[in-house]
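Trainee: requesting a structural model of the entry that follows:
(one chain, ligands or ions: 2)
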Amino acid sequence: MQQIKTDLCVIGAGSGGLSVAAGAVQMGARVVLIEAGEMGGDCLNAGCVPSKALIAAAAAAEAQRKGFRGVAGVAPVVDFAAVKDHVAAVIAAIEPHDSQARFEGLGCTVIRAQARFTGPQVVEAGATRITARRFVIATGSRPFVPPIPGLETVPFHTNETIFALRDRPDHLLIIGGGPIGLEMAQAHRRLGCAVTVVEAAQALGREDPEAAAVVLASLRAEGVEIREGVGVAAVEGQAGAITLRLADGARLTGTHLLVAVGRKVAVAGLGLEAAGVEFDAKGVKVDARLRSVSNRRVFAVGDAAGGLQFTHVAGYHAGIVVRQAVLGLPAKARTDHIPRATYTDPELAQVGLTEAEARAVHGAKLTVVRAGFDGNDRAVAGAKGAGFVKVMVVGGRPVGALIVGPAAGELIGVWALALAARLKLTALAGTVLPYPTLSEASKRAASAYFSPKLFDNPVLKAVVRFVQRVLP
Ligand SMILES: Cc1cc2nc3c(=O)[nH]c(=O)nc-3n(C[C@H](O)[C@H](O)[C@H](O)COP(=O)(O)OP(=O)(O)OC[C@H]3O[C@@H](n4cnc5c(N)ncnc54)[C@H](O)[C@@H]3O)c2cc1C
Ligand SMILES: NC(=O)c1ccc[n+]([C@@H]2O[C@H](COP(=O)([O-])OP(=O)(O)OC[C@H]3O[C@@H](n4cnc5c(N)ncnc54)[C@H](O)[C@@H]3O)[C@@H](O)[C@H]2O)c1
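Mentor: Numbering: from 1, shown residues only. Ligands and ions are numbered 1, 2, ... in the order given. Predicted coordinates for the structure are as follows:
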């Protein structure tokens, strides 16, 4: 076996592992990066990137279909296989940034093999044994396949296979109404498929119910059938005719099936027992510094760390780990300022506490302010007046913000900044934004917090009357 001694050994070259490796090696650490599958991990190859490429093509189809006032809509001519070429081309365009060549160019030793701990400070990958001062587990997650009777007897897709499908499904059945299920549902519907989603609980159940309802209404209006509160009791059939037997007795038959019911963390076979690294079904057990609670030389980042499963979280984790493992400085991960966005149309974005969470934590100290896009001139001009901004405020500071509407994923940025920097609401209310922009909706929501203090305030009115009398 070839032996390598290094400063940092990173297992997994997805969003988290690549960010750790790039940061560490460019600061002067010796880094070994191990990847068993594709460089770039889930986000590049089977997650964020292909899904957003598909959503972009679907949006183009929908824009044609809908037309605009005075511009007749036309039935889009969709070449499904060519859309998949676009998805592949987008992956290929981004790929060099995550490639083995780039990381070797930065100075990393890149090993393409399955990694496995054989001791608390030793990992083996292929024919190489690596001893390192610190390890980072960045192995991500895989689709969870639920134990539904009959599921294993039919061909079904997960996010790992759906983007390679070149024939347009006539009728796509989707189990799971979370972000993957709904993003894929709308995209496929817009590209000409019949789509039925079966959700055991509530679709977008983690989100503010009022905002989720706006998204669900929009999907239903476009023809996506969404059945909530009913589980799938069994699956039967064969390729081209797959039937879901629902718990309420209904039967749904489609041509294709996508399973999108959450993720399971990829730690099996990693030899964590040999390393003395504790883990459970959620992932590696880590402290606030993202260090294993049972082996202080081992960190976990991204999906493997058992928390929020987003690429930007994996990137944020990477910074926390590099600070400690490379610079020897303390650092703790926060979660109160992490945004998320679901890229349906309309988009739904949240940072910090939802209204229900904020009410549970802050009770009567909470003030909720809002502004609708129907009062935003830019949204009205673009006929995109559905949706709203809602801000949860405690003691003059935002503790959460929610946007459902056009470009919500972009617009949440200002609230992510406000929560990250713990800004007061006056910072946003005092910011001048260009007119007419969608972002003015956020400022209007912030201003709504001050309106009752400024308008219809008897004390202020008395002061104003006095000032007006004495003003020269
Ligand atoms: C369909 C879909 C859409 C998504 N859209 C978004 C989005 O829009 N925005 C967003 O923020 N997030 C999105 N996500 C989530 C995002 O993709 C993940 O949170 C992110 O990829 C996690 O990064 P990671 O580095 O933790 O893991 P991954 O990207 O999964 O990388 C882990 C890597 O480790 C490798 N590996 C695993 N075990 C071993 C081993 N033993 N040895 C060597 N290598 C190993 C794997 O092959 C993989 O390449 C989406 C996910 C899906 C499935
Ligand atoms: N835009 C984004 O940032 C984005 C997009 C896609 C995925 N992601 C990430 O990937 C993660 C996984 O997404 P996901 O949608 O697979 O998972 P999820 O856990 O968010 O949602 C899964 C849904 O499936 C339902 N469900 C579970 N078992 C079921 C069953 N047997 N029958 C019917 N419904 C069932 C759940 O109630 C839930 O609503 C997300 O939590 C998110 O972190 C992010």
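
Trainee: is stretch 13-24 up against ligand 2 anywhere?
Mentor: No - for stretch 13-24, no contact with ligand 2 is found by CB under 6 Å from any ligand atom; the gap never falls below 11.4 Å. C-beta here means a position set from N, CA and C on the backbone, and glycine is covered the same way.

Trainee: with just CA atoms, put that stretch into PDB.
Mentor: This file holds the C-alpha atoms of stretch 13-24, laid out as PDB (Å, rounded to 0.1, in the frame of the first residue of the first chain):
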ATOM      1  CA  ALA A  13     -15.700  15.900  -3.300                       C
ATOM      2  CA  GLY A  14     -19.200  17.400  -3.300                       C
ATOM      3  CA  SER A  15     -20.200  20.900  -2.300                       C
ATOM      4  CA  GLY A  16     -18.700  20.600   1.300                       C
ATOM      5  CA  GLY A  17     -15.600  18.600   0.600                       C
ATOM      6  CA  LEU A  18     -14.500  20.700  -2.400                       C
ATOM      7  CA  SER A  19     -14.900  23.900  -0.400                       C
ATOM      8  CA  VAL A  20     -12.800  22.600   2.500                       C
ATOM      9  CA  ALA A  21     -10.100  21.300   0.100                       C
ATOM     10  CA  ALA A  22      -9.900  24.400  -1.900                       C
ATOM     11  CA  GLY A  23      -9.800  26.700   1.100                       C
ATOM     12  CA  ALA A  24      -7.300  24.600   3.000                       C
END
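
Trainee: run through who's touching that stretch.
Mentor: Outside stretch 13-24, the residues that touch it by CB atoms under 8 Å, 6 or more residues apart in numbering are 7-8, 10-11, 31, 33-35, 39-44, 98, 103, 106, 108, 110, 136, 138, 140, 301-304, 311, 314-315, 317-319, 321-322, 325-326.

Trainee: for it, what is the distance to the chain centroid?
Mentor: Computed by CA atoms, centre = their mean, to the nearest Å, the chain-centroid distance of stretch 13-24 equals 18 Å.

Trainee: that stretch vs ligand 1: in contact?
Mentor: Yes - judged by CB under 6 Å from any ligand atom, stretch 13-24 comes into contact with ligand 1 through A13, G14, S15, G16, G17.

Trainee: same check, this time on stretch 140-158
Mentor: Yes - Stretch 140-158 is in contact with ligand 1 by CB under 6 Å from any ligand atom, via G140, S141.

Trainee: just to revisit the earlier point, can you redo the residues of stretch 13-24 next to ligand 1 as CSV with pLDDT and neighbour count?
Mentor: Output for the residues of stretch 13-24 next to ligand 1, formatted as CSV (pLDDT from 0 to 100; neighbours: other CB atoms under 10 Å):
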residue, pLDDT, neighbour count
A13, 98, 30
G14, 98, 30
S15, 98, 28
G16, 98, 33
G17, 98, 29
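
Trainee: residues from the stretch 101-250 of the chain in reach of ligand 1?
Mentor: So the stretch 101-250 of the chain meets ligand 1 at Q114, A115, A138, T139, G140, S141, N159, I180 (CB under 6 Å from any ligand atom).

Trainee: verify the stated contact: the fifth one with N45.
Mentor: No - using CB atoms under 8 Å, G140 makes no contact with N45, being 10.9 Å away.

Trainee: out of the residues of stretch 13-24 next to ligand 1, which is nearest to ligand 2?
Mentor: Comparing the residues of stretch 13-24 next to ligand 1 against ligand 2 with CB to the nearest ligand atom picks out S15 as the nearest, at 11.4 Å.
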